[in-house]
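Undergrad: Got a predicted structure plus its sequence, pasted below:
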Amino acid sequence: MPKAKGKKLVSVSEDLIAEIAKVSRSGGESVSKFIEDTLRQTVEVRKRGYDLKQVMDCFNVIQAHRVLGGVFVPSPVLDYLTGKVYKENSERLQAKWYESGKWNGKYLKEKFQDPIEAFRYFLEISRWDLNEVEVDRSGGSLKFRCVSTVLTKAGTELLAKFIEGMLEGLGYRTEKVDCLKGMILLHSKR
Amino acid sequence: MVNSRRKMLAARDDLADKISEIANSKGFTLFGMINSILELAIEAEKMGINLEEAVDNYKMTKAVKEASFTLVLESLLYETAEIACEKAKQETLKVWFDAGVWLASQYTSRNIENPLGNIEKDLKAFSWNIPEFTIEQIDDKVSIRVLSPRLSESYTVLFNRFLEGILKALSFEVKYKELGKGNIRLEAARGGG
């Protein structure tokens, strides 16, 4: 790295400099201040043990939840509510969860560059009760797998419907679903 | 994807060194690292957010996880709560009360100095569907105010029980309660105050 007094020269893509010039101009600051602020904040984020990309992805996903009408609820309460209501209202609830998934999928498709990766992260962020979330893409096919040691049967079935809806919103058609208590395996095609 | 034509820019050497360290630890080149960081910053700027805000959000999701909350669609939650209340009101109320007790116990068990203050901070962040939510503590007295036109009548009653559970676990006794659709006001005190 070439070095000036108290400064070091770093190389930046010309495209990015043009982009930075646009956004920093609208904020009334210089390109060099934007870069310096960004690097300083990145170092601070890192010092706290966070990863900048994760922080930003998380922000985007939570924003999506806000827009889509997501709310937080204590997990035991949600388990109880679904358990209490599911037996006599399973079809109605499944239809609702499916529709809600479809909305979420359509939104992710519009909003994210890689909607399938966003979908995986969306579940990871919003469903702490899932121990594993795996999405395997090959060609136009998609294999989805999630495992939870705490999810109830009703909770698993509703989540499966939500995921089916989400994948439809993302442009995939479900070919096969295996749904056991705490485990969902799903195959879809575009 | 950025193009490969580059320009040299001056950066504070301590920052450049730190970023270089981060790049090494992640197996990136300095050029690749700086450019991906700047891409993220541009994206954030375009969305009108700053990194500080994004970090706060990240911390909030960690707190949500620790508190064992999960995300669900608001309309689904209210509808499900409505049906559960019709079927078994007392049992449903107890589940919410117990969830409040459990949440508060999570904070007290960590031996933090001001559990209620921390609960307030986190709950306010979790409860973005409630535009007005305040918990004020002065000495041994607490005042809670919840105001949201979106809350259903049943959900308001359930959320109130959740708050009462929190107060109970922190040894507060409810002295005054005002409850209406989307409106909760609780006054509580410790030690018969």
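TA: Sure, I can see it.
Undergrad: Contact partners for the residue minimising distance to the centre of chain A?
TA: Relative to the mean C-alpha position of chain A, the nearest C-alpha, by C-alpha atoms, centre = their mean, is the one of residue A:122, at 2.4 Å. Residues near residue A:122 by C-beta atoms under 8 Å, 6 or more residues apart in numbering or on different chains: A:61, A:64-65, A:104, A:108, A:166. From N, CA and C alone the C-beta is placed, and that goes for glycine too.
Undergrad: ok, and which of those residues reach chain B?
TA: Contacts with chain B within the contacts of residue A:122, as defined by C-beta under 8 Å from any C-beta of the partner chain: residue A:65.
Undergrad: Now do the domain split for the chain, please.
TA: Since no chain was named, I'll use chain A. Structurally, chain A divides into domains by automatic domain parsing as follows: A:15-49, A:73-189.
Undergrad: sorry, should have said chain B
TA: Structural domains annotated on chain B: B:13-49, B:92-189, as defined by automatic domain parsing.
Undergrad: remind me which residues of chain B are low pLDDT?
TA: Applying pLDDT under 70 to the predicted model, the residue ranges of chain B that meet it are B:1-4, B:192-193.
Undergrad: Which helix runs longest in it?
TA: For chain B, the helix reaching the highest residue count under DSSP state H is reported as helix B:74-108.
Undergrad: cool, and chain A?
TA: The helix that spans the most residues within chain A, counting by DSSP H, is helix A:75-111.
Undergrad: from the contacts of residue A:122, which is closest to residue B:32?
TA: Distance to residue B:32 across the contacts of residue A:122 (C-beta to C-beta) is lowest for residue A:61, with 24.5 Å.
Undergrad: what packs against the host helix or strand of that closest one?
TA: If you go by DSSP states H and E, residue A:61 is part of helix A:52-67. With contacts defined as 3 or more C-beta pairs under 8 Å, 6 or more residues apart in numbering or on different chains; DSSP states H and E, helix A:52-67 has these neighbours: helix A:31-47, helix A:75-111, helix A:115-126, helix B:30-46, helix B:51-66.
Undergrad: Which of the ones you listed sits closest to residue B:93?
TA: Ranking the helices and strands packed on helix A:52-67 by distance to residue B:93, with C-beta to C-beta as the measure, places helix A:75-111 first at 11.0 Å.
Undergrad: and the closest one, average pLDDT?
TA: Model confidence over helix A:75-111, given as mean pLDDT, is 89.
Undergrad: what comes up buried for that helix?
TA: Buried positions in helix A:75-111, judged by neighbour count with 16 or more other C-beta atoms under 10 Å in any protein chain shown: A:75-82, A:84-86, A:89, A:93-94, A:96-109.
Undergrad: ditto for stretch B:153-167
TA: Buried residues in stretch B:153-167, counting neighbours by 16+ other C-beta under 10 Å, are found at B:154-167.
Undergrad: Contacts only, for residue B:51.
TA: Under the contact definition (C-beta under 8 Å, 6+ apart), the residues listed for residue B:51 are A:38, A:41-42, A:45, A:52, A:55, B:41, B:44.
Undergrad: The same query, at a cut-off of 10 Å, please.
TA: Under the criterion of C-beta atoms under 10 Å, 6 or more residues apart in numbering or on different chains, the contact list for residue B:51 reads A:37-38, A:40-42, A:44-45, A:52, A:55-56, A:59, B:40-41, B:44-45.
Undergrad: now residue A:60
TA: Residue A:60 makes contact with A:108, A:111-112, A:118, A:121-122, A:125, B:43-44, B:47, B:49, B:54, B:57 under the criterion C-beta under 10 Å, 6+ apart.
Undergrad: Including distance to residue B:139, could those go into a markdown table?
TA: Listed next are these as a markdown table, based on distance: C-beta to C-beta, whole Å:
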| residue | distance to residue B:139 |
| --- | --- |
| A:108 | 48 |
| A:111 | 47 |
| A:112 | 49 |
| A:118 | 47 |
| A:121 | 44 |
| A:122 | 44 |
| A:125 | 39 |
| B:43 | 47 |
| B:44 | 42 |
| B:47 | 43 |
| B:49 | 38 |
| B:54 | 37 |
| B:57 | 33 |
